[in-house]
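**Q** pasting the sequence and the predicted coordinates here, then a few questions.
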Amino acid sequence: QVQLQESGPGLVKPSHALSLVCTVSGGPITDLYYYWSWIRQPPGKGLERIGYIAYDGITYYMPSFQTRTSISRDTSDNQFTLQLTSMTPDDTAMYYCARENLDELSASPRFGSGSWGQGTQVTVSS
């Protein structure tokens, strides 16, 4: 059974960059036809997908994040990483990494769909 675990700073200063790592166990991130996503939930709001890196290394970012997001992977450590630049207080959220198949990726993210990490709280504040 695949397990995912997010790690990174809980507090980021405005205008600084966020870097989060998702460590995967129980299966390789190169496993065919899986997509490794970053998803967040701001307080009082719904889930929003930031982007993903596919099993073949291809990345996709949602339009609202495109200019300041980078997702990469380290296949030797079985990890993938989110970098989000120019952070503002509006980026305060619970951040999750998830493994999704194509059907799950095509739908809006929801808990219980795919395999998720437990999430990590990120607060943007000076």
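**A** Structure's in. What do you need? Numbers count the residues shown, from 1 in each chain.

**Q** verify the stated contact: Ala98 with Gly114.
**A** Yes. Proximity of Ala98 to Gly114 meets the contact threshold set by Cβ atoms under 8 Å, at 5.0 Å. C-betas here are computed from N, CA, C, even on glycine.

**Q** flag the shaky bits of the protein, pLDDT-wise.
**A** Counting by pLDDT under 70, not a single residue of the chain qualifies.

**Q** in it, mark out all the helices, start to finish.
**A** 102-106 (DSSP state H).

**Q** grab the most central residue of it for me.
**A** For the chain, the residue nearest the mean C-alpha position is Trp38 (1.7 Å; Cα atoms, centre = their mean).

**Q** distance of that residue from Arg99?
**A** Relative to Arg99, Trp38 is positioned 11 Å away (criterion: Cβ to Cβ, to the nearest Å).

**Q** show me the contacts for the residue nearest to the centre of the chain.
**A** Leu20, Cys22, Arg49, Ile50, Gly51, Tyr52, Ile71, Leu82, Tyr95, Tyr96, Cys97, Ala98 (Cβ atoms under 8 Å, 6 or more residues apart in numbering).
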